[in-house]
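J.: My questions are about this predicted structure, shown below with the sequence.
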Amino acid sequence: MKVYLDNCCFNRPFDDQTSLIICLETEAKLYVQEQIRQGKYELLWSFVLDYENGRNPFEEIRNRIAEWKSLAVAGCTLSDGITIKASELTKLGLTQMDASHIACAIALGADCFLTTDKKILNKPIAGIECLNPIDFVRRYLHAK
């Protein structure tokens, strides 16, 4: 299974963990990453992740997230197809950044787009399954 984690998902462990939902999302996201390390899931990467992560003012967090790029089985660069798809997705009310992440995930053939962003999760996005890490683990924990 190919998974694409957006930047808010990658950053979840660095958020304030006093909220139970944030703590649970963190644990689920860390579980997914461990499964990626073990080869159960394939990580996808994009120029959008590079760009957004590069804007993180905290060098340690930026570097820890960037390390995941080396585990990605595929990545994508900007193309006309991604630009067109992202433009279509912005018509759903998504930001350009969120739409670009999703367009990349679709272009890479991701089976699932993982995010903690409720604005994305509440949109009817065709062409890819968008899940919160908790829901992903709940659905695919025992899948072979």
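T.: On my side now, so go ahead. The structure presented is a predicted model; accordingly, all values stated were derived computationally and were not measured. Residues are numbered from 1 along each chain as shown.

J.: Quick one: the helices in the chain, in order.
T.: With helices called from DSSP state H, the chain shows them at 7-11, 20-37, 47-54, 59-66, 80-90, 96-107, 118-121, 133-140.

J.: Quick check: most distant residue from the centroid of this protein.
T.: Within the chain, the residue lying farthest from the chain centre (CA atoms, centre = their mean) is Thr18, at 22.6 Å.

J.: Tell me which of the helices of the chain is the most buried.
T.: Mean neighbour count (mean count of other CB atoms under 10 Å) peaks for helix 96-107 among these, with a mean of 24. Every residue, glycine included, has its C-beta placed from N, CA and C.

J.: Using PDB, write out every CA atom in it.
T.: Provided in PDB are the C-alpha atoms of helix 96-107 (Å, rounded to 0.1, in the frame of the first residue of the first chain):
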ATOM      1  CA  GLN A  96      -3.300  25.800  -2.900                       C
ATOM      2  CA  MET A  97      -0.800  24.000  -0.600                       C
ATOM      3  CA  ASP A  98      -3.300  21.300   0.400                       C
ATOM      4  CA  ALA A  99      -4.500  20.900  -3.200                       C
ATOM      5  CA  SER A 100      -0.900  20.500  -4.400                       C
ATOM      6  CA  HIS A 101      -0.200  17.800  -1.800                       C
ATOM      7  CA  ILE A 102      -3.300  15.900  -2.800                       C
ATOM      8  CA  ALA A 103      -2.500  16.400  -6.500                       C
ATOM      9  CA  CYS A 104       0.900  14.900  -6.000                       C
ATOM     10  CA  ALA A 105      -0.400  12.000  -4.000                       C
ATOM     11  CA  ILE A 106      -2.900  11.200  -6.800                       C
ATOM     12  CA  ALA A 107      -0.200  11.600  -9.500                       C
END
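
J.: on that earlier part again, and of the helices of the chain, who's closest to Ala74?
T.: With CB to CB, the closest approach to Ala74 among those belongs to helix 96-107: 9.8 Å.

J.: what helices or strands is that closest one leaning on?
T.: strand 2-5, strand 42-46, helix 47-54, helix 80-90, strand 112-114, helix 118-121 (3 or more CB pairs under 8 Å, 6 or more residues apart in numbering; DSSP states H and E).

J.: pLDDT of it, averaged?
T.: Averaging pLDDT along helix 96-107 yields 98.
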